[in-house]
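> Could you work out the structure for the sequence below:
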Amino acid sequence: PAAGSRSVYLWNLYTGTKYNYTAEISLSDGSKLTLSGSFQTAPGPRLMNIGGLVNVRDVGGWTTTEGKTVKQGLLYRGAEPDGLFEKEYKLTAEGLEQMKALGIKTELDLRHAGEDVFGPEVQHFYYDALQYHHAFTPEGREAVRRLFTDLADPANYPAYLHCTYGLDRTGTMSYLLLGLLGVSDKDLHRDYELSALYHDWLTQEHMDLMVDMIGDLPGDDTRQRVEYFLMSTGVTKEQIESIRTIFLG
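Now for the predicted structure:
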């Protein structure tokens, strides 16, 4: 903390996690006082503070209907980092250092074009993806197949998934991923609605239409229905199990 301050801000901590700390305090007489302790962060979604980026959060942190917790530190979702469509969405030098600290290996870009702002050591995949019910079209299904094929490869993690705003295309793919992992319908909606913390609009009616389309698929719950949809695009059973192993252990 700055001189004279009694507090320090800590960003991007894992949620639902116990942290130990040691603080060394310099007193006015020149002596030092050491204090140690611990604190527990609240469970739930992990919102990220990354320089220059908006609507960034960890896909992990949610609890499935089977009581498992989706692993944090693997996949981050958010808005574009290169300012291609929105000039103010531009990764800063500080933000780049934060992304390096997170160990980002892959940029999963749901757009059709962009700039490699993470550097040559980070691989950049484009998908030209579609959102909501458009993901069920032939073009949309092919983008889904390619994305989930890459999500099934453990060598691609940690990764950053984004479109332009981190809302529509990113929200669609995050819904499918978390649905596949067994996150409850209530929390799937909560995850989508968290983007309202950054944007003053949500295309809720389009999300509802996609949810209804998934609800009409074969299966006893969303987990089974999303699996059916992914396999209909060409994602294999082995790839689906790999994704579940990566995120759930």
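
> Now stretch 26-35: buried residues?
Neighbour-count burial for stretch 26-35 flags no residue at all (criterion: 16 or more other C-beta atoms under 10 Å). Placement of C-beta: from N, CA and C, glycine included.

> tally of neighbours for W201?
The burial metric for W201, expressed as a neighbour count using other C-beta atoms under 10 Å, is 9.

> Spatially nearest residue to T69 (excluding sequence neighbours)?
Closest residue to T69 in three dimensions, ignoring its sequence neighbours and counting by C-beta to C-beta, 6 or more residues apart in numbering: T63, at 5.4 Å.

> Give me the pLDDT value at that neighbour.
In this model, T63 is scored at 96, pLDDT.

> do the same with the one 5 residues further on
In this model, K68 is scored at 96, pLDDT.

> Could you pull up the residues touching it?
Under the criterion of C-beta atoms under 8 Å, 6 or more residues apart in numbering, the contact list for K68 reads 182, 248-249.

> Which of those residues fall in helices?
Among the contacts of K68, the subset assigned to helices under DSSP state H consists of L248.

> rewinding a little: tell me how far the residue nearest to T69 lies from M48.
In this view, T63 and M48 are 19 Å apart by C-beta to C-beta, to the nearest Å.

> try R225
Here R225 is placed at a distance of 30 Å from M48 (C-beta to C-beta).

> ok, residues contacting stretch 14-32?
13, 33-46, 58, 61, 69, 72-73.

> among the contacts of K68, which one has the lowest pLDDT?
Comparing the contacts of K68 by pLDDT, G249 comes last, at 92.

> which one is that one nearest to, not counting chain neighbours?
Counting by C-beta to C-beta, 6+ apart, the nearest residue to G249 once its immediate chain neighbours are dropped is K71, at 6.9 Å.

> Most distant residue from the centre of this structure?
For the chain, the C-alpha farthest from the mean C-alpha position belongs to D29; by C-alpha atoms, centre = their mean, that distance is 48.0 Å.

> Now the phi/psi pair for that one, please.
Recorded main-chain torsions at D29 are phi -90, psi 0, according to degrees, to the nearest 10.

> try R225
Torsion angles at R225 (phi, psi; degrees, to the nearest 10) stand at phi -70, psi -40.
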